[in-house]
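>>> Sequence isn't available, so here's the structure alone:
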C-alpha cells in the first residue's frame, strides 16, 4: 500500500514538472516576434503608428502576425508596445505612469494604429542576454470606435 501511494506521489510530481517545463519553453512560433529598442522612446504624434526615437527607456514590441495573405487583406496583426525603464524585471499595471499601446496593423479595419492601454498587467523578466519571459493581460480602447481590444499572452521569447 505504501509503495502504491509513493509511486502515485512520484507520478504526480513528474507530471507537475513536465507541465511547468512546457509553460517556460522558449517560444518558437514564427508568427510571434520580440524587438527591444534600448535607449529609446516612443513618439506618437499622429496615433497611426509609433516612431521609435532616441531616449532613456526600453521600447518593447511584441508582435503577433495574424493569419492570411496581407496582399488581399486577410489578416490583422497586433503589437504590444511598451515604454519601460531599463530593468531585469518589471510588473506594470499603472497605465497613468507607463506608456503602452496595442497597435493594430496589416488590415483595412477599425482601430488601425495605436490604441492606448488602460487596464491590465504586463510582467517582464529578462532571463538571459536576449531571452525574456513575458506575461500580458491588457485592455486598450479602440481609437476609432472605443471598442475594448484585449491582448492576453504568456511565454518565453528571444529577441
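Yep, it's here. All values reported here derive from a predicted model rather than from experimental measurement. Numbers count the residues shown, from 1 in each chain.

>>> Could you identify the helix or strand that succeeds the longest strand seen in the chain?
Longest strand in the chain by number of residues (criterion: DSSP state E): strand 113-128. Downstream of strand 113-128, the next assigned helix or strand under DSSP states H and E is strand 131-141.

>>> what stretches of the chain score poorly on pLDDT?
Counting by pLDDT under 70, the chain contains low-confidence ranges at 1-28, 30, 45-50, 68-74.

>>> show me where it has helices.
For the chain, helices defined by DSSP state H occupy the ranges 2-23.

>>> can you pull the buried residues of the longest strand of the chain?
Buried residues in strand 113-128, defined by neighbour count with 16 or more other Cβ atoms under 10 Å: 113-115, 117, 120, 122, 124, 126. Heads up, the C-betas are built off the backbone N, CA and C, glycines and all.

>>> Return the list of strands paired to that strand, each annotated with direction.
strand 89-92 (antiparallel), strand 99-105 (antiparallel), strand 131-141 (antiparallel) (DSSP bridges).

>>> And the first one, what's buried?
Neighbour-count burial for strand 89-92, with 16+ other Cβ under 10 Å as criterion, is recorded at 90, 92.

>>> Kindly report the same for the last one.
Residues of strand 131-141 classed as buried by neighbour count (16+ other Cβ under 10 Å): 132-134, 136, 138-141.

>>> And those residues, which is closest to residue 97?
residue 138 (14.6 Å; Cβ to Cβ).

>>> Nearest spatial neighbour of that closest one, chain-adjacent residues omitted?
Spatial nearest neighbour of residue 138, chain neighbours left out: residue 120 (3.4 Å); criterion: Cβ to Cβ, 6 or more residues apart in numbering.

>>> surely that neighbour meets residue 139?
Yes. Assessed by Cβ atoms under 8 Å, residue 120 is found in contact with residue 139 at 5.3 Å.

>>> Give me the neighbour count for the nearest residue to residue 51 once chain neighbours are set aside.
Among residues not flanking residue 51 along the chain, residue 43 sits closest, at 4.2 Å (Cβ to Cβ, 6+ apart). By other Cβ atoms under 10 Å, 12 other residues sit near residue 43.

>>> any idea how far residue 43 lies from residue 62?
Relative to residue 62, residue 43 is positioned 19 Å away (Cβ to Cβ, to the nearest Å).
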